[in-house]
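> Give me coordinates for this.
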Amino acid sequence: MNYSKFGIEDFLSDISFQEYCLGNNEQAIAFWTQWLKEHPEKANTIHSAKTLYYILNGNITDKDFRADYEFFQKAFGPRHSNSDSHLPLQQKIVPLKRSNRKLVMTLTGIAACFLIVSAIYLFNLKNSKQSVADRALSFSSPLGKKKTITLSDGTKIILNGGSKLTVADNYNISRRDVTLEGEGYFDIVHNAQKPFTVHTAKISIKDIGTIFNVKAYAMDKTTETSLIKGAVEIILNNKMKSKILLNPNHKLVLLNNKDLNVNQGEETAEGLFTVRKVTKNTDDNSVVETNWTQNKLTFYDQSFDEIAVQMERWYGVKINIINPAVKEYHYTATFDHEDIAQVLEALKLSGNFNYRKEDNVISIY
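Predicted coordinates for the structure are as follows:
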């Protein structure tokens, strides 16, 4: 793994780095300590990533600091000042050529400085006039790529191409709030005391012990939530804040992605959405809505106009449909690791069209 190219968000999503921050894995601690010595230019990035990790995990408290201070005093206190022969083996092998008193002062100073930095950071968060999104931690997945994220509570998220996830600055303190633009697959570590909620432009999805998929691209005609396991409560962002409880293997489709508050007096909340079963492939019984997480590009009775948008996100290309008749062609197919030329050739077999590719632009005619 080439960590030298990692940014803050990359370090935060790395399990080994998380274990290093928590200090509960000796191998991880040894690795990152040595790695930092070899890459001093990344010291500021590592420090910022550790600071954010502790804040996201809700573990920066005066009580924690005092507990650590007492531990260091017991382990390296004055009674051991003349010899280290009574120290546990793992402490003996630390290559430090200084007195234990100086070691205590150094460790205490580091912890105190860390608390000061954290306090300043939290103070700035509370008093900043920036928006929450500007202060929060963001993860992005560019077109043609996917990104897997593990949050501090163990929740796992896969972002599809062209998607962005923003984690609230107070995540895992009393609540767990994230904002999604695009598509994400969520495997939530349930905690009734700290509700997990996914916010999108049109709906919010509250976890009740769950695995679910959310598709909320700004340019799409619909917003979808597909529930695979558990239960979710979906709140429409309308004046009534209408709530819908979704059952497993069902999905909610918000129709037309329109303004939910337009004609609210004339239209019932139910007229804004539909609930249906998730779509399953007859060949392998897989769920079409989440096949993308298995690197399978799946179309199920979709028009070429819809497929083109999906392929743009999948392959990171731009598709122009010159022949309007092609937009209405419908396809059902699954592709596993094929490149875009192979996909287009397969679609051509049942459709009357040609295409040409110039750099990153594909024209259909």
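
> Could you check how far the closest residue to T210 other than its chain neighbours is from S286?
Spatial nearest neighbour of T210, excluding adjacent residues (C-beta to C-beta, 6 or more residues apart in numbering): G230 at 3.6 Å. No exception for glycine: its C-beta is placed from N, CA and C like everyone else's. Look at G230 and S286: by C-beta to C-beta, to the nearest Å, they are 19 Å apart.

> T179 too?
29 Å.

> Mind checking which of the two has more residues around it?
T179 (20 against 16; other C-beta atoms under 10 Å).

> Which strands border the helix or strand containing that one, and is each parallel or antiparallel?
Element membership of T179 [criterion: DSSP states H and E] is strand 176-187. As defined by DSSP bridges, the strand partners of strand 176-187 come to strand 156-159 (antiparallel), strand 163-167 (antiparallel), strand 196-199 (parallel), strand 211-216 (antiparallel).

> Out of those strands, the one nearest K357 is which?
K357 lies closest to strand 163-167 among these, at 24.9 Å (C-beta to C-beta).

> Residues touching the closest one, excluding its own?
By C-beta atoms under 8 Å, 6 or more residues apart in numbering, the list of residues contacting strand 163-167 from outside reads 56, 133, 136-141, 149, 151, 157, 159, 177-184, 217.

> now do stretch 184-200
So stretch 184-200 is contacted by 153-160, 163, 165, 172-181, 204-214, 216, 223, 230, 290, 292-293 (C-beta under 8 Å, 6+ apart).

> run the last query once more with 7 Å
153-160, 163, 165, 172, 174-180, 204-207, 209-214, 216, 223, 290, 293 (C-beta atoms under 7 Å, 6 or more residues apart in numbering).

> For the closest residue in space to L254 that isn't next to it in sequence, give me its contacts.
With sequence-adjacent residues excluded and distances taken as C-beta to C-beta, 6+ apart, L254 is closest to T223, at 4.1 Å. Going by C-beta under 7 Å, 6+ apart, T223 touches T200, K202, I203, K215, A216, L254, N257.

> How about the backbone phi and psi for T223?
phi -120, psi 130 (degrees, to the nearest 10).

> before we move on, what about S286?
Dihedral angles for S286 - degrees, to the nearest 10 - are phi -80, psi 160.

> ditto for G316
phi 70, psi 40.

> what are the ranges of the strands in the stretch 251-365 of the chain?
273-277, 296-303, 318-321, 330-336, 355-358, 361-364 (DSSP state E, counting those that start in this stretch).

> residue ranges with poor pLDDT in the stretch 151-300 of the chain?
For the stretch 151-300 of the chain, the stretches with pLDDT under 70 are 257-270.

> if we go to 50?
264-267 (pLDDT under 50).

> Quick check on the contacts of T223: which are buried?
T200, K202, I203, K215, A216, L254, N257 (16 or more other C-beta atoms under 10 Å).

> Helices of the stretch 101-250 of the chain, residue ranges please.
132-135 (DSSP state H, counting those that start in this stretch).

> Quick check: chain neighbours aside, which residue is closest to T222?
V253 (5.3 Å).

> if I look at N24, how far off is Q18?
10 Å.

> May I see the buried ones among the contacts of T223 organised as a markdown table, with distance to V189 added?
Putting the buried ones among the contacts of T223 into a markdown table (distance: C-beta to C-beta, whole Å) gives the following:
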| residue | distance to V189 |
| --- | --- |
| T200 | 21 |
| K202 | 26 |
| I203 | 22 |
| K215 | 22 |
| A216 | 22 |
| L254 | 27 |
| N257 | 30 |
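
> and which of those is nearest E338?
Distances from E338 to those, taken by C-beta to C-beta, are shortest for K215, at 22.1 Å.

> Okay, buried residues for stretch 26-36 please.
Neighbour-count burial for stretch 26-36 [16+ other C-beta under 10 Å]: A28, I29, F31, W32, W35.

> Reformat the residues you listed as JSON lines; add secondary structure and distance to F11.
Putting the buried residues of stretch 26-36 into JSON lines (DSSP: H, G, I helix; E, B strand; the rest coil; distance: C-beta to C-beta, whole Å) gives the following:
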{"residue": "A28", "secondary structure": "helix", "distance to F11": "12"}
{"residue": "I29", "secondary structure": "helix", "distance to F11": "15"}
{"residue": "F31", "secondary structure": "helix", "distance to F11": "13"}
{"residue": "W32", "secondary structure": "helix", "distance to F11": "9"}
{"residue": "W35", "secondary structure": "helix", "distance to F11": "11"}
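
> Take those and lay them out in JSON lines including distance to V275 and pLDDT.
Shown next, in JSON lines, are those (distance: C-beta to C-beta, whole Å; pLDDT from 0 to 100):
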{"residue": "A28", "distance to V275": "44", "pLDDT": "85"}
{"residue": "I29", "distance to V275": "49", "pLDDT": "89"}
{"residue": "F31", "distance to V275": "48", "pLDDT": "89"}
{"residue": "W32", "distance to V275": "47", "pLDDT": "89"}
{"residue": "W35", "distance to V275": "49", "pLDDT": "87"}
